[in-house]
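In: I would like to see how this sequence folds:
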Amino acid sequence: MTIQAQPPYLRTLYIGAFIVLLSLGVRATFGLFMQPMGLEHGWGRDVFSLAFAIQNLVWGVGAIFMGMLADRWGAGRTIALGAALYALGMIGVRLSSDEMSLYLTAGLLVGLGQAGTTFPVILPVVARAVPPAYRSTAMGIASAGGSLGQFAIVPTGQLLISTMDWTGALWVLSMFVAAGLPLAVFLKGRPDSPAGTHSLGSAIRQALAHRSFHFLFWSYAVCGFHTAFITLHLPAYLADGGLTAANGAMAIALIGLFNVAGCIYAGKLGGRYSKKTLLAAVYFLRAFGIIFLLAVPLTPLVAYVFAAWMGLFWLGTVPLTQGLIGQIYGLRYAATLSGIAFLGHQVGSFIGVWMGGYVYQATGGYTMVWWTGIVLAVVAAVLCLPIKEQTLAAPAAA
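Out: Model (predicted):
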């Protein structure tokens, strides 16, 4: 019996997925720190909401520049830079003593770090390494890394807070994201630039002139609105309803667990069926989950059912959206174009987390934000349907 060697692209896939696991898993713990840090420093939910909103906006803008760095200088260097900034930002959060220092660390530094260690940089590396027949599935698996991190690291973060206080927990989590530094060496390299290839500027102009790119941008914004608001505010919403902090951590973890399957199957189905139709279905089905949460009396079981349902459709948008970008516009400048589209996601994230804190401070509840999320889910589903999935010819070389 002979043992068949694994294809070389699998190492890229597994390491890329693991870096996303660490980056998004640590990010998903931020809602757990809102109450203990708020009590110690006297900060309200609006302070954390603004810090998290800044982080999401910086993440989106930074993703464009990190994508350009990856396309120009290689993914490995970009990921290492992102991991270093992320770790410094987490340490800075631990040392923050006023609101401005929280905005500069949790907002600016962590946002830049996430830009270099998440989907806009990692998924194009995976897409270029994997044969076309397996590309959509591989992007689903890499996206699932973020969900698995949410499932594994959120309960770990809650345990760390319970045993080491929030201060010790932040030191440990900063070491988690710093692990991306040595791993980045395995993802070195940059896209090939054959003679006569079109320029980055012409690729950006082509995408911005194409109506489908704008549909992807704004539907992605709705994804960001949902995921950022729920990640930060769901534990507090459940606590307001009489549930415990452990219930909140478990709900966030269940979203991650169920989205492992959601991402993988979104990638698999995206290789067989229309990606735009699948995207529309994902957004439309999110609305039913939110309606369920609002319509049924809140119990731990209701919270977990909601989390499981939303988890199935949580980050399934990522392999489908980025798969469409590569399919329509090509892979040469996929990191940059993915970063531009991801800015839309982060604009939605900024609005979601800021609106959550503002509405809570103004009304004492989140009902208005939940209903906004329902309406936006339907709007995003409608935006996806006119997308044209045909591959565009490359613009003329400069």
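In: sec struct for T391, please.
Out: Per DSSP: H, G, I helix; E, B strand; the rest coil, the secondary structure class of T391 is coil.
In: could we number from 45 for the rest of this?
Out: Happy to do that; since the first residue is 45 now, the last one works out to T435.
In: Let me know how buried it is, in neighbour terms.
Out: Neighbour count for T435, taken as other C-beta atoms under 10 Å: 11. Bear in mind the C-beta positions are built from the backbone N, C-alpha and C, glycine included.
In: quick one, phi/psi of it?
Out: Phi and psi for T435, reported as degrees, to the nearest 10, are phi -70, psi 130.
In: Could you report the separation of it from P52?
Out: Going from T435 to P52 by C-beta to C-beta, to the nearest Å gives 26 Å.
In: Tell me where the longest helix sits in the protein.
Out: Longest helix of the chain, by residue count under DSSP state H: helix 179-222.
In: Work out the gap between it and the centre of the chain.
Out: Helix 179-222 sits 13 Å away from the centroid of its parent chain (C-alpha atoms, centre = their mean, to the nearest Å).
In: One more: stretch 340-353?
Out: Here stretch 340-353 shows a centroid-to-chain-centroid distance of 23 Å under the convention C-alpha atoms, centre = their mean.
In: before we move on, what about stretch 306-322?
Out: Mean-position distance between stretch 306-322 and its chain equals 18 Å (C-alpha atoms, centre = their mean).
In: before we move on, what about stretch 169-177?
Out: Centre to centre, stretch against its chain (C-alpha atoms, centre = their mean), the figure for stretch 169-177 is 20 Å.
In: now do stretch 381-401
Out: 10 Å.
In: what is the mean pLDDT for that stretch?
Out: For stretch 381-401, the per-residue pLDDT values average out at 88.
In: Output it as PDB, nothing but the C-alphas.
Out: Extracted C-alpha coordinates of stretch 381-401, given in PDB (Å, rounded to 0.1, in the frame of the first residue of the first chain):
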ATOM      1  CA  LEU A 381     -10.800  44.400  -5.400                       C
ATOM      2  CA  SER A 382     -11.800  42.200  -2.400                       C
ATOM      3  CA  GLY A 383     -10.500  44.900  -0.100                       C
ATOM      4  CA  ILE A 384     -12.600  47.600  -1.900                       C
ATOM      5  CA  ALA A 385     -15.800  45.400  -1.700                       C
ATOM      6  CA  PHE A 386     -14.900  44.600   2.000                       C
ATOM      7  CA  LEU A 387     -15.000  48.300   2.700                       C
ATOM      8  CA  GLY A 388     -18.700  48.100   2.000                       C
ATOM      9  CA  HIS A 389     -19.000  45.300   4.600                       C
ATOM     10  CA  GLN A 390     -17.200  47.500   7.100                       C
ATOM     11  CA  VAL A 391     -19.300  50.600   6.400                       C
ATOM     12  CA  GLY A 392     -22.300  48.400   7.300                       C
ATOM     13  CA  SER A 393     -20.400  47.100  10.400                       C
ATOM     14  CA  PHE A 394     -19.700  50.700  11.500                       C
ATOM     15  CA  ILE A 395     -23.400  51.600  11.200                       C
ATOM     16  CA  GLY A 396     -24.500  48.400  13.000                       C
ATOM     17  CA  VAL A 397     -22.400  48.700  16.100                       C
ATOM     18  CA  TRP A 398     -22.700  52.500  16.400                       C
ATOM     19  CA  MET A 399     -26.500  52.300  15.900                       C
ATOM     20  CA  GLY A 400     -26.700  49.600  18.500                       C
ATOM     21  CA  GLY A 401     -25.000  51.700  21.100                       C
END
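In: buried set for it?
Out: Buried positions in stretch 381-401, judged by neighbour count with 16 or more other C-beta atoms under 10 Å: 381-401.
In: before we move on, the earlier item: the following helix or strand past the longest helix of the chain packs against which elements?
Out: Tracing the chain past helix 179-222, the next element assigned as helix or strand by DSSP states H and E is helix 224-227. In terms of contacts (3 or more C-beta pairs under 8 Å, 6 or more residues apart in numbering; DSSP states H and E), helix 224-227 is packed against helix 53-71, helix 119-139.
In: To W262, which of those helices lies closest?
Out: Nearest to W262 among the helices and strands packed on helix 224-227 is helix 53-71 (22.5 Å), distances taken as C-beta to C-beta.
In: Tell me the gap between the closest one and the middle of its chain.
Out: Taking C-alpha atoms, centre = their mean, the mean C-alpha location of helix 53-71 is offset from the chain mean by 12 Å.
In: likewise stretch 284-302?
Out: When distances are taken as C-alpha atoms, centre = their mean, stretch 284-302 is centred 19 Å away from the chain's centroid.
In: For it, list the C-alpha coordinates in CSV.
Out: C-alpha atoms of stretch 284-302 as CSV (Å, rounded to 0.1, in the frame of the first residue of the first chain):
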residue,chain,number,x,y,z
ASP,A,284,-31.0,42.6,29.5
GLY,A,285,-33.5,39.8,29.0
GLY,A,286,-32.5,38.0,32.1
LEU,A,287,-30.0,35.5,30.7
THR,A,288,-26.4,35.1,32.0
ALA,A,289,-23.0,36.0,30.5
ALA,A,290,-22.4,32.3,29.9
ASN,A,291,-25.6,32.2,27.8
GLY,A,292,-24.3,35.1,25.7
ALA,A,293,-20.9,33.5,25.2
MET,A,294,-22.5,30.2,24.2
ALA,A,295,-24.8,31.9,21.8
ILE,A,296,-21.9,33.6,20.0
ALA,A,297,-20.0,30.3,20.0
LEU,A,298,-22.9,28.5,18.5
ILE,A,299,-23.1,31.0,15.7
GLY,A,300,-19.5,30.1,14.9
LEU,A,301,-20.1,26.4,15.2
PHE,A,302,-23.0,26.3,12.9
